[in-house]
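Chemist: Turn this into a structure:
(one chain, ligands or ions: 1)
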Amino acid sequence: MNASKALPLFSRTISRRSFYLFSAATIAGAAAVTTAAAFDNKKQYNYNNRNNNNNSNGWGKFGTSIAAAAPIVHIAAINKDRTIDDYQRIYNKIAEKIREDDEYDGYIGYGPVLVRLGWHSSGTYNKENNSGGSYGGTYRFKLENSDPSNNGLQNAAQFLDPIYKEFNWISHGDLYTLGAVCAIQEAQGPKIKWRPGRVDLPESATPENGRLPDAVNGADYVRKFYARLRMNDREAVALTGAHCLGRTHLKNSGFDGPWGAASSSFTNEFFINLLNEQWKLQKNAAGNKQYDSPKGYMMLETDYALIQDPIYLKIVKEYANNEASFFKDFASSFQKLLENGIDYPKGAPEYIFKTLDDQDM
Ligand code: HEM
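Modeler: From the prediction side, this is the model:
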């Protein structure tokens, strides 16, 4: 069946309004079924669109051809039997394991790779049809986790495995995003508001490869990429500040080195280094171009684009001078990134977790 013919049927059968009423009135188990049942209608729709649109850039033909159609609907399934204490317990488990397994990646620890998993599981979102994003936890499927852009993230997924086994009532999307929030807060980053309710979707909901960003690009690409995620210039710059954490690895991405010295602390160092280091564009051992500094730091071309574009540059300067402003914008942008495409019923709970330090643990 032609996708554009299938869609009106879907939107007639399950209206956005009836979704809200039903899921708000049910507890999570039942709500999850509602969402899954609704998804059966969309499965056909997704398949049709995927098969008809085999481009891989994630917003070109794919986005345009379905723009006229009704968007995919992802309703948060709120389990009223679970409270913040249940999720704080999972937070604490992740935080304790980050502390314990501290030898990972030359003693950087698992924090940065957990942040990257949360971001990549959300960064497939396409605002044109509301597909992809964190909701369905589809990173767990081979099609998504074998996307070359996800090289290295298997370490984060393996880290979370025993936690998923212990708390198997949580959805994968909730766990991946909670892991990222925990890693940022435990690295002394800002507090990030987090909401549960993502529902594991079937494999057919997995977005095609190629939706994650390519680092060999300039400001125009960066702006267009983040627009697909509903992010404006300020949000784009703030989010890139997460490159204060961790490093690039030749074996994963073909890039080499950290962005700064304090790669397991969440700070505004990325912006300070971007402005103050002496950058030189050169080829690394894999033959890929990156900016290198005498101190051994690196910048991707998409990072460097933030000081080449005058609008971005102004924001970079602000964040380099004012860490509080960066933290505030990062916290709201990161929450938005993790929640893209999800409809939360009125009154859905929003949690702010305590760090282990807050709890004197
Ligand atoms: C244009 C946008 C972006 C591009 C092109 C990009 C590209 C990359 C690349 C190539 C790596 C190295 C991966 C490896 O070799 O292991 C990396 C690492 C990382 N990225 Fe990004 N990134 C972007 C945006 C973001 C955003 C929005 C976040 C989070 C908010 C983020 C968080 C991270 C973190 C924490 C790491 C370190 C991972 C580790 O140490 O294992 N990135 N990124």
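
Chemist: Quick one: residues contacting whatever residue of the chain ends up closest to the ligand.
Modeler: Using CB to the nearest ligand atom, the closest approach of the chain to the ligand is made by G246 at 2.1 Å. Any C-beta I mention is one placed from the backbone N, CA and C, and that applies to glycine too. Shown in contact with G246 (CB atoms under 8 Å, 6 or more residues apart in numbering): D105, I108, G111, P112, V113, V115, R116, P258, S263, S264.

Chemist: quick one: which of those sit in helices?
Modeler: D105, G111, P112, V113, V115, R116 (DSSP state H).

Chemist: Assess the claim that the fifth one and L245 are in contact.
Modeler: Spelled out, it's V115. Yes: with contact defined as CB atoms under 8 Å, V115 and L245 form a contacting pair (5.8 Å).

Chemist: Now do the helices in the stretch 201-350 of the chain.
Modeler: Ranges of helices within the stretch 201-350 of the chain are 219-228, 233-240, 250-253, 269-276, 301-308, 310-321, 323-339, based on DSSP state H, counting those that start in this stretch.

Chemist: Put together a markdown table for those, with mean pLDDT, distance to P148 and mean neighbour count on each row.
Modeler: Below are the helices of the stretch 201-350 of the chain laid out as a markdown table (pLDDT from 0 to 100; distance: least, CB to CB, whole Å; neighbours: other CB atoms under 10 Å):
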| stretch | mean pLDDT | distance to P148 | mean neighbour count |
| --- | --- | --- | --- |
| helix 219-228 | 98 | 17 | 18 |
| helix 233-240 | 99 | 21 | 22 |
| helix 250-253 | 98 | 9 | 14 |
| helix 269-276 | 98 | 24 | 21 |
| helix 301-308 | 98 | 16 | 19 |
| helix 310-321 | 98 | 27 | 17 |
| helix 323-339 | 98 | 21 | 20 |
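
Chemist: Which among these is found nearest to D357?
Modeler: With CB to CB as the criterion, D357 lies closest to helix 323-339 of the helices of the stretch 201-350 of the chain, at 16.4 Å.

Chemist: Quick one: list the elements packing against that closest one.
Modeler: Using 3 or more CB pairs under 8 Å, 6 or more residues apart in numbering; DSSP states H and E as the contact criterion, the elements in contact with helix 323-339 are helix 111-122, helix 172-186, helix 233-240, helix 310-321.

Chemist: close to the ligand, is stretch 160-179?
Modeler: No: Stretch 160-179 does not reach the ligand (CB under 6 Å from any ligand atom); its nearest approach is 11.6 Å.

Chemist: shift numbering so it begins at 15
Modeler: Got it, the first residue is 15 from now on, which makes the last one we talked about stretch 174-193.

Chemist: Just the endpoints, please. Distance across that stretch?
Modeler: Using CA to CA, to the nearest Å, one end of stretch 174-193 lies 8 Å from the other.

Chemist: cool, stretch 357-367 as well?
Modeler: 22 Å.

Chemist: quick one: average pLDDT of that stretch?
Modeler: For stretch 357-367, mean pLDDT is 96.

Chemist: Return the residues of the stretch 65-214 of the chain in contact with the ligand.
Modeler: Contact residues, the stretch 65-214 of the chain versus the ligand (CB under 6 Å from any ligand atom): P126, V127, V129, R130, W133, G166.

Chemist: so can I have TSV of those showing neighbour count and pLDDT?
Modeler: Compiled in TSV, these are given as follows (neighbours: other CB atoms under 10 Å; pLDDT from 0 to 100):
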residue	neighbour count	pLDDT
P126	25	98
V127	25	98
V129	24	98
R130	22	98
W133	20	99
G166	18	98
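
Chemist: Take those residues and lay them out in CSV including distance to Q292.
Modeler: Listed next are these as CSV, based on distance: CB to CB, whole Å:
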residue, distance to Q292
P126, 25
V127, 29
V129, 28
R130, 27
W133, 29
G166, 29
